[in-house]
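Asks: no sequence for this one, just the structure:
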């Protein structure tokens, strides 16, 4: 608490629960407007939820956290967020280590080309798109691996190849 100076860095409304989220958003706006949090956003809001929020909010969400990875890209939601100045936070950016994703030939070929792991390629793809991926791990090796994605960039061709992997694999 002392390290944050009694201030939240980012406050996210986790789910658009009917009849609950509208009042909570108003309380969050009050915290933001009084300087008690630096940023605010939502999680798991689809376009229809965001449109409803826009009709009543004083402050648009700055972030929307939702599942997003190469095989489940939610491109229309991403586009809607971008058009409205909302940064995408990619939940489950590594597709929950899904076997179909991690054994994908395209991803493995790109990983070999850059001498990186498939996980690193996926995280770099998120960064190249301007998303904020939030991978989780309890393995020290994977935590270190997840941070080692800033010493390379994917070329445009490889980004497009990964973009082509979207297949609705939630």
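Replies: Thanks, I have it. On a predicted model such as this, the values are computed, not experimentally measured, just so you know.

Asks: Remind me what the longest helix along the chain packs against, helices and strands.
Replies: In the chain, taking DSSP state H as the definition, the longest helix is helix 21-33. Under the contact definition 3 or more CB pairs under 8 Å, 6 or more residues apart in numbering; DSSP states H and E, helix 21-33 sits against strand 8-13, strand 37-43, helix 47-56. All C-beta atoms are positioned from the backbone trio N, CA, C, and that covers glycine.

Asks: Next, the buried residues of the first one.
Replies: Within strand 8-13, the residues that qualify as buried are 11, 12, 13, counting by 16 or more other CB atoms under 10 Å.

Asks: what's the pLDDT at residue 7?
Replies: On pLDDT, residue 7 comes in at 83.

Asks: shouldn't it be in contact with residue 34?
Replies: No - look at residue 7 against residue 34 with CB atoms under 8 Å: they stay out of range, at 10.3 Å.

Asks: Name the residue in the two with the higher neighbour count.
Replies: Counted by other CB atoms under 10 Å, residue 7 and residue 34 do not tie: residue 7 has more neighbours, with 12 against 8.

Asks: mind showing which ranges of the chain have poor pLDDT?
Replies: For the chain, applying pLDDT under 70 flags the ranges 1-5.

Asks: So which residues of this structure form helices?
Replies: Under DSSP H, the chain gives helices at 21-33, 47-56, 75-83, 99-102, 105-114, 118-128, 140-147, 156-163.

Asks: orientation of the longest one relative to strand 37-43 in degrees?
Replies: Direction vectors for helix 21-33 and strand 37-43, defined by axes from the mean of the first three to the mean of the last three CA atoms, to 10 degrees, enclose an angle of 160 degrees.
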